[in-house]
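**Q** what follows is a predicted structure for the sequence shown.
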Amino acid sequence: MNDQPNLLSPNHNNQVPLTNATPSLVLGIVSIVAAFCYGIGGVICGIIGLILANKDRKLYRENPELYTASSYSTLNAGRITSLIGLILGAVFMIIGLLFVLFFGGTMMEAMRQGRGQ
(Lines give C-alpha, C1' and ligand atoms only; values in the text may rest on other atoms or scores of the structure.)
Protein backbone atom coordinates (compact mmCIF):
# COMPACT_ATOMS: atom_id res chain seq x y z
CA MET A 1 0.00 0.00 0.00
CA ASN A 2 2.63 2.47 1.02
CA ASP A 3 5.51 2.47 -1.47
CA GLN A 4 7.57 5.08 0.36
CA PRO A 5 10.52 3.79 2.40
CA ASN A 6 10.55 4.34 6.12
CA LEU A 7 13.61 6.50 6.70
CA LEU A 8 13.44 6.31 10.49
CA SER A 9 13.93 2.56 10.90
CA PRO A 10 17.16 0.88 9.81
CA ASN A 11 16.92 -1.20 6.67
CA HIS A 12 18.86 -4.40 7.30
CA ASN A 13 18.61 -5.55 3.68
CA ASN A 14 20.42 -2.51 2.30
CA GLN A 15 23.74 -2.40 4.08
CA VAL A 16 26.02 0.48 3.23
CA PRO A 17 29.80 0.42 2.90
CA LEU A 18 31.97 2.09 5.51
CA THR A 19 32.77 5.60 4.34
CA ASN A 20 36.49 5.62 5.13
CA ALA A 21 37.38 2.07 4.10
CA THR A 22 38.70 2.91 0.64
CA PRO A 23 40.47 6.15 1.67
CA SER A 24 42.28 4.35 4.49
CA LEU A 25 43.40 1.63 2.05
CA VAL A 26 44.62 4.22 -0.45
CA LEU A 27 46.47 6.14 2.27
CA GLY A 28 48.00 2.90 3.52
CA ILE A 29 49.33 2.03 0.08
CA VAL A 30 50.60 5.58 -0.43
CA SER A 31 52.28 5.48 2.99
CA ILE A 32 54.22 2.35 2.04
CA VAL A 33 55.41 3.96 -1.21
CA ALA A 34 56.14 7.31 0.45
CA ALA A 35 58.08 5.65 3.26
CA PHE A 36 60.94 5.10 0.83
CA CYS A 37 61.18 8.87 0.21
CA TYR A 38 62.91 9.94 3.44
CA GLY A 39 60.13 8.42 5.55
CA ILE A 40 58.15 11.55 6.41
CA GLY A 41 55.46 10.98 3.77
CA GLY A 42 54.96 7.43 5.01
CA VAL A 43 54.55 8.59 8.58
CA ILE A 44 52.04 11.31 7.68
CA CYS A 45 49.91 9.15 5.36
CA GLY A 46 50.13 6.22 7.78
CA ILE A 47 48.86 8.28 10.70
CA ILE A 48 45.97 9.73 8.68
CA GLY A 49 45.07 6.27 7.35
CA LEU A 50 45.08 4.82 10.87
CA ILE A 51 42.87 7.61 12.20
CA LEU A 52 40.32 7.05 9.43
CA ALA A 53 40.42 3.27 9.86
CA ASN A 54 40.01 3.41 13.63
CA LYS A 55 37.11 5.83 13.31
CA ASP A 56 35.18 3.51 10.98
CA ARG A 57 36.20 0.43 12.94
CA LYS A 58 34.50 1.94 15.97
CA LEU A 59 31.37 2.60 13.90
CA TYR A 60 31.35 -0.99 12.63
CA ARG A 61 31.73 -2.46 16.09
CA GLU A 62 28.79 -0.41 17.37
CA ASN A 63 26.39 -1.56 14.59
CA PRO A 64 27.88 -4.30 12.40
CA GLU A 65 24.54 -5.09 10.76
CA LEU A 66 24.45 -1.65 9.09
CA TYR A 67 27.65 -2.11 7.09
CA THR A 68 28.85 -4.55 4.44
CA ALA A 69 31.40 -7.21 5.30
CA SER A 70 33.47 -6.40 2.22
CA SER A 71 33.93 -2.80 3.33
CA TYR A 72 35.05 -4.04 6.75
CA SER A 73 37.68 -6.28 5.16
CA THR A 74 38.81 -3.33 3.02
CA LEU A 75 39.01 -1.30 6.21
CA ASN A 76 41.19 -3.95 7.86
CA ALA A 77 43.48 -4.03 4.82
CA GLY A 78 43.76 -0.24 4.98
CA ARG A 79 44.57 -0.38 8.67
CA ILE A 80 47.29 -2.98 8.13
CA THR A 81 48.86 -1.15 5.18
CA SER A 82 48.79 2.12 7.15
CA LEU A 83 50.58 0.42 10.04
CA ILE A 84 53.20 -1.03 7.70
CA GLY A 85 53.72 2.36 6.03
CA LEU A 86 53.95 4.10 9.40
CA ILE A 87 56.55 1.64 10.69
CA LEU A 88 58.58 1.72 7.46
CA GLY A 89 58.43 5.51 7.40
CA ALA A 90 59.63 5.75 10.99
CA VAL A 91 62.49 3.32 10.33
CA PHE A 92 63.61 5.22 7.23
CA MET A 93 63.39 8.54 9.10
CA ILE A 94 65.59 7.18 11.89
CA ILE A 95 68.08 5.72 9.40
CA GLY A 96 68.17 9.04 7.51
CA LEU A 97 68.68 11.00 10.71
CA LEU A 98 71.50 8.72 11.84
CA PHE A 99 73.06 8.95 8.38
CA VAL A 100 73.01 12.75 8.47
CA LEU A 101 74.32 12.89 12.02
CA PHE A 102 77.16 10.46 11.38
CA PHE A 103 78.28 11.71 7.99
CA GLY A 104 77.50 15.33 8.83
CA GLY A 105 79.85 15.14 11.79
CA THR A 106 82.48 13.42 9.67
CA MET A 107 82.20 16.11 6.98
CA MET A 108 82.44 18.92 9.54
CA GLU A 109 85.56 17.33 11.04
CA ALA A 110 87.13 16.98 7.59
CA MET A 111 86.38 20.62 6.84
CA ARG A 112 87.97 21.74 10.13
CA GLN A 113 91.10 19.72 9.45
CA GLY A 114 91.32 21.11 5.91
CA ARG A 115 91.29 24.70 7.20
CA GLY A 116 93.94 24.00 9.80
CA GLN A 117 96.59 23.11 7.23
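**A** Everything's here; your move. The structure displayed is predicted, hence computed values, not measured ones.

**Q** every contact and neighbour count from this point should use C-alpha atoms.
**A** Noted.

**Q** which stretch of helix or strand covers G104?
**A** helix 69-116 (DSSP states H and E).

**Q** and that helix, what does it pack onto?
**A** If you count contacts as 3 or more CA pairs under 8 Å, 6 or more residues apart in numbering; DSSP states H and E, helix 69-116 packs onto helix 21-34, helix 40-62.

**Q** in space, what's closest to S31 - neighbours in sequence excluded?
**A** Using CA to CA, 6 or more residues apart in numbering and skipping the chain neighbours, the partner closest in space to S31 is G42 (3.9 Å).

**Q** how about L18?
**A** Distances taken as CA to CA, 6+ apart put S71 closest to L18, at 5.7 Å, once the chain neighbours are dropped.

**Q** now swap in P23 and tell me
**A** Counting by CA to CA, 6+ apart, G49 is the residue found nearest to P23 once chain neighbours are left out, at 7.3 Å.

**Q** so where's the protein uncertain?
**A** For the chain, the stretches with pLDDT under 70 are 1-13, 116-117.

**Q** give me the neighbour count for F36.
**A** For F36, the count of nearby residues is 17 (other CA atoms under 10 Å).

**Q** check for me that it belongs to a helix.
**A** No: secondary structure of F36 (DSSP: H, G, I helix; E, B strand; the rest coil): coil, not part of a helix.

**Q** is it true that it touches I87?
**A** No: shown here, F36 and I87 do not form a contact pair, counting by CA atoms under 8 Å, at 11.3 Å.

**Q** just to revisit the earlier point, got the contact list for the residue nearest to L18?
**A** P17, L18, A21, T22 (CA atoms under 8 Å, 6 or more residues apart in numbering).

**Q** quick check: the third one touching I51?
**A** It stands for A21. No: using CA under 8 Å, A21 makes no contact with I51, being 11.2 Å away.

**Q** between the two, which is the more surrounded one?
**A** A21 (26 against 16).

**Q** residues near the closest residue to that one other than its chain neighbours, how many?
**A** The shortest distance from A21 to any non-neighbouring residue, by CA to CA, 6+ apart, is to L75 (4.3 Å). L75 has 29 neighbouring residues, counting by other CA under 10 Å.

**Q** sounds good, over and out.
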